[in-house]
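Student: Fold the following and give me the result.
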Amino acid sequence: MNSHQTSSPASGPVPDPADPRAFLRALYDAAVRRALPAHTLGRHLPPPPKGRTVVVGAGKAAGSMAAAVDALWPQDAPLSGLVITRYDHVPPAWRAAPGRIEVVEAAHPVPDEAGLAATQRVMSLVQGLGPEDLVLCLISGGGSALLSAPAPGLTLQDKQAVNRALLRSGAAIDEMNCVRKHLSAVKGGRLAALCAPARVVTLLISDVPGDEPAVIASGPTVPDDTTCADALAICRRHGIELPAAAHAGLESGAFETPKPGDRVFAGHEVHLIATPQQSLEAAAALAREAGVSAYILSDEIEGESREVGKVHAALARAVARRGQPFSAPCVILSGGETTVTVRAKGGRGGRATEFLLGCAIALQGERGVHVLAADTDGIDGVEANAGAIATPDTLARGAALGLKAQEFLDRNDCCSYFEALGDLVVPGPTFTNVNDFRALYISGR
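Tutor: Prediction:
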């Protein structure tokens with residue numbers, strides 16, 4: 001048997017680097033597989049309490065997290081609850097045979113009425129619990145939009161308008177979530193306050209640089225050390241127009257969040273069950289099994305997607321041309337959460353394809369360099385693809401079709417460019433989310 005046809009139990013079949021597309025896709029699949037709740041959640045579950053166990057939560061992985069809890073929780077122990085996930089992100093097996101936890105679908109990245117109604121039900125479920133009861137809170141990326149209840153005096157329409165403006169602004173994820181939590185009745189630790197005096201155990205899948213629990217889904221069950229003044233400053237910096245009621249609540253401090261040391265968090269536990277770094281390590285391990293050196297740049301890379309793409313391209317060129325700082329063949333991996341400043345209306349794309357087209361333009365057809373960029377949740381922005389693959393002939397094939405790559409980049413229409421080439425990566429919803437995944441394979445000349 002060829003060594004590249006063997007199987008790694010942790011990462012899946014070992015891919016053949018002679019097929020760069022399949023090789024890169026296998027690394028992406030390994031990264032996603034490492035972050036699936038079914039593989040990671042069990043070791044973090046507490047024992048059943050004397051009282052009730054109520055499960056609540058939100059995020060793109062909330063459905064698969066709920067399914068894992070239901071499968072692992074003793075059948076003779078009480079279990080109920082409700083989690084909110086994105087439309088079409090309920091695992092097929094759960095949709096066919098639902099368990100003890102209700103899974104509700106709502107809109108992402110801009111909240112909708114379904115998310116508001118479900119959040120109000122979550123808030124009701126955790127009130128009136130006692131000290132012998134347990135709240136299991138399942139949180140993953142996407143929860144900021146899905147767990148949506150406006151602060152007093154604000155409407156859903158107010159939240160939607162601010163959310164859209166933040167998404168267009170190019171603000172970093174921690175900045176966006178600082179604003180979101182201060183305009184919320186449930187985020188920024190407020191859900192924990194509603195649960196008191198019950199014990200709260202929060203299980204997190206991180207999709208943010210630094211894996212900070214207060215940033216993941218805007219930290220509904222953890223203390224918040226940002227302030228209303230911080231949120232106002234972010235809005236001013238990025239030109240976000242606030243509804244009058246939102247501005248007044250922030251300026252007066254009426255929308256302040258529970259802070260570290262608040263007694264509502266006493267006895268609570270927080271566990272990270274999957275992180276971007278762990279997924280990058282899984283991909284690196286698989287590459288090494290295939291005989292290719294692998295290097296992880298960072299799981300915390302932020303910045304404008306197209307500019308980050310240029311930097312990655314410069315590194316790949318240095319490897320390909322001079323063997324510095326790494327020798328080919330090798331794979332360079334990175335994660336984090338880049339941003340896209342929307343410059344034109346009507347474009348189709350997200351962080352991954354914008355990174356990739358910026359990278360491809362900078363590479364200018366560099367021989368032996370193949371690049372995959374994709375979001376681990378299976379969705380790049382609001383499109384049906386997770387990302388795409390760029391090859392040494394990406395620009396040439398585009399030109400043969402009459403496509404000018406720079407024009408597509410200028411109008412934020414990068415998905416359309418790679419779609420025309422047949423180079424989109426379309427896994428469908430993955431039911432997890434540890435954010436951006438980028439892999440550059442430099443095979444050598």
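
Student: wait, Gly81 sits on Val55?
Tutor: Yes - counting by CB atoms under 8 Å, Gly81 touches Val55, with 3.1 Å between them. Yep, even glycine has a C-beta here, placed from its N, CA and C like the rest.

Student: Now do the shared contacts for the two.
Tutor: Ala66, Ile101, Leu136 (CB atoms under 8 Å, 6 or more residues apart in numbering).

Student: what residues go with each domain of this structure?
Tutor: 3-35+276-442, 37-149+184-223+258-274 (automatic domain parsing).

Student: now those as CSV including distance to His247?
Tutor: Formatted as CSV, these follow (distance: least, CB to CB, whole Å):
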stretch, distance to His247
domain 3-35+276-442, 23
domain 37-149+184-223+258-274, 16
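
Student: closest one to Asp174 among those domains?
Tutor: domain 37-149+184-223+258-274 (5.0 Å; CB to CB).

Student: Can you tell me the SS state at Ala360?
Tutor: helix (DSSP: H, G, I helix; E, B strand; the rest coil).

Student: Tell me the bridge partners for the residue lying closest to it once chain neighbours are set aside.
Tutor: Leaving aside its chain neighbours, Ala360 sits nearest to Ala390 (4.2 Å; criterion: CB to CB, 6 or more residues apart in numbering). With DSSP bridges applied, Ala390 shows beta-bridge pairing to Val371.

Student: Share the number of residues neighbouring Ala390, please.
Tutor: Using other CB atoms under 10 Å, Ala390 is surrounded by 29 other residues.

Student: likewise Ile240?
Tutor: Neighbours of Ile240 (other CB under 10 Å): 22.

Student: Model confidence at the closest residue in space to it that isn't next to it in sequence, what's the number?
Tutor: In space, Ile240 comes closest to Ala165 once its chain neighbours are excluded; the distance is 4.8 Å by CB to CB, 6+ apart. pLDDT recorded at Ala165 is 90.

Student: residues in contact with Ala165?
Tutor: His238, Ile240, Glu241.

Student: Out of those residues, which is nearest to Lys404?
Tutor: Taking the contacts of Ala165 together and measuring to Lys404 by CB to CB, the closest member is His238, at 30.0 Å.

Student: burial count for Ala149?
Tutor: 22.

Student: Report the contact partners of it.
Tutor: Counting by CB under 8 Å, 6+ apart, the residues that Ala149 touches are Leu116, Thr119, Gln120, Met123, Ser184, Ala185, Val186.

Student: ok, 6 Å please
Tutor: Counting by CB atoms under 6 Å, 6 or more residues apart in numbering, Ala149 touches Thr119, Ala185, Val186.

Student: What of Lys181?
Tutor: Applying CB under 6 Å, 6+ apart, the residues near Lys181 are Lys187, Gly188, Ser218, Asp224, Thr257.

Student: Can you name the residues that contact the first one?
Tutor: Contacts were defined as CB under 6 Å, 6+ apart; by that measure Lys187 touches Lys181, Ser218, Pro220.

Student: that older thread, restricted to strands, list the contacts of Ala149.
Tutor: Per DSSP state E, strands hold no members of those.

Student: Now rank these by neighbours and give me the top one.
Tutor: Within those, most neighbours by other CB under 10 Å means Thr119, with 28 neighbours.

Student: where in the stretch 251-400 of the chain is pLDDT low?
Tutor: Counting by pLDDT under 70, the stretch 251-400 of the chain shows low-confidence ranges at 344, 346.

Student: rewinding a little: nearest to Ala192, of the contacts of Lys187?
Tutor: Pro220 (7.2 Å).

Student: And the closest residue in space to the closest one that isn't next to it in sequence, how far from Ser218?
Tutor: Among residues not flanking Pro220 along the chain, Leu191 sits closest, at 3.8 Å (CB to CB, 6+ apart). With distances taken as CB to CB, to the nearest Å, Leu191 is found 10 Å from Ser218.
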